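# predicted model and sequence follow; I will ask about them next.
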Amino acid sequence: MSRKALFSTALTLVVALGLAACDGVPTEAEKQSVQQARVEAAAQKQLENYHQLKATGRADLALNIADHVLKNFPQTRAAAELKPDVEALRAQVGEERKMQRLKGLWVYHDEHDAEAGGRVRSAYIFAKEALGPAKNGEPAPRGRLVLRRHPQWGDDVYLLSERGPFTCTSPCRLVVHFDGAAPREVDGEIPETGEHAIFVKDFPHFAANLPGAQVVRIETTLKEAGPVTMEFEVGGYDPQTIGTR
């Protein structure tokens with residue numbers, strides 16, 4: 001073989017090897033395609049988790065996933081599927097959290113009391129606002145609304161004060177508001193036993209209207225503070241605990 005032919009063959013081999021090497025290196029477009037496929041797969045996995053959480057009633061966790069996908073994988077098919085539903089889900093989660101907060105405001109007791117001669121049930125909730133400022137390092141005084149069913153004493157609604165006793169004219173009257181309904185004037189009674197309490201002598205109407213109400217406001221008077229309106233966020237009340245009549 002001549003030197004010219006040998007050089008031509010070597011050059012051809014070098015070019016061929018170079019082309020083969022080039023064939024093994026992905027192009028930029030191929031790299032982007034692989035990366036996009038990985039992103040789509042990751043987003044799709046999150047979408048599957050989203051649907052599973054929604055199906056099992058975990059809307060709060062589903063919303064976290066939806067927000068994560070929309071923030072980190074905004075151009076994916078998963079994000080396109082989630083986007084139309086996410087605001088409705090956010091509103092649902094907001095309502096669920098609100099209801100959890102309202103339910104948590106109530107405290108219930110249900111026990112058999114041998115001395116009372118039977119089952120004693122009660123439910124109470126603190127007023128939204130304190131009855132006055134905190135003093136001497138103590139917490140601010142609060143008002144409390146209590147419903148109680150007692151085998152000896154009967155069914156009662158009453159207020160408790162951490163800011164001294166109530167006072168009342170004769171006849172003793174209270175004004176009760178359920179949401180936006182017309183105010184209802186009812187009888188009141190301050191117990192003779194000395195507790196800082198006042199009875200709202202309207203249990204049947206009160207207990208029947210409490211389920212479904214959002215806010216109850218009761219106008220009364222404290223001996224120390226004068227006229228006050230105690231406001232209670234009652235929307236989380238569970239009527240199965242006390243009953244409605």
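Yep, it's here. Numbering: from 1, shown residues only.
# in the chain, where's the longest helix?
Looking across the chain with DSSP state H, the single longest helix is helix 28-55.
# tell me what it is packed against?
helix 59-72, helix 77-82 (3 or more C-beta pairs under 8 Å, 6 or more residues apart in numbering; DSSP states H and E). Placement of C-beta: from N, CA and C, glycine included.
# run a quick neighbour tally on Ile198.
When neighbours are defined as other C-beta atoms under 10 Å, Ile198 has 24 of them.
# residue contacts, it?
158-159, 161, 166, 168, 172, 174, 188-190, 220 (C-beta atoms under 8 Å, 6 or more residues apart in numbering).
# reformat those residues as JSON lines; add pLDDT, neighbour count and distance to Gln36.
Formatted as JSON lines, these follow (pLDDT from 0 to 100; neighbours: other C-beta atoms under 10 Å; distance: C-beta to C-beta, whole Å):
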{"residue": "Tyr158", "pLDDT": "97", "neighbour count": "22", "distance to Gln36": "67"}
{"residue": "Leu159", "pLDDT": "98", "neighbour count": "23", "distance to Gln36": "65"}
{"residue": "Ser161", "pLDDT": "97", "neighbour count": "24", "distance to Gln36": "66"}
{"residue": "Phe166", "pLDDT": "96", "neighbour count": "27", "distance to Gln36": "71"}
{"residue": "Cys168", "pLDDT": "93", "neighbour count": "17", "distance to Gln36": "75"}
{"residue": "Cys172", "pLDDT": "95", "neighbour count": "18", "distance to Gln36": "76"}
{"residue": "Leu174", "pLDDT": "96", "neighbour count": "23", "distance to Gln36": "68"}
{"residue": "Gly188", "pLDDT": "96", "neighbour count": "24", "distance to Gln36": "72"}
{"residue": "Glu189", "pLDDT": "96", "neighbour count": "17", "distance to Gln36": "75"}
{"residue": "Ile190", "pLDDT": "95", "neighbour count": "18", "distance to Gln36": "75"}
{"residue": "Thr220", "pLDDT": "96", "neighbour count": "22", "distance to Gln36": "67"}
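# of the residues you listed, closest to Thr27?
Of all these, Thr27 sits closest to Leu159, with 77.9 Å by C-beta to C-beta.
# so who does the closest one touch?
By C-beta under 8 Å, 6+ apart, the neighbours of Leu159 are 143-146, 166, 197-198, 200, 218, 220, 230.
# for it, list each beta-bridge partner.
Leu145, Ile198 (DSSP bridges).
# look up how far Ser33 lies from it.
70 Å (C-beta to C-beta, to the nearest Å).
# for the spatially most central residue of the chain, give me its contacts.
Centroid-nearest residue in the chain: Arg97, 1.4 Å away (criterion: C-alpha atoms, centre = their mean). Contacts for Arg97 (C-beta under 8 Å, 6+ apart) come out as Asp60.
# three-state assignment of it?
helix (DSSP: H, G, I helix; E, B strand; the rest coil).
# so which of the contacts of Leu159 comes closest to Gly137?
Nearest to Gly137 among the contacts of Leu159, with distances taken as C-beta to C-beta, is Gly143, at 20.6 Å.
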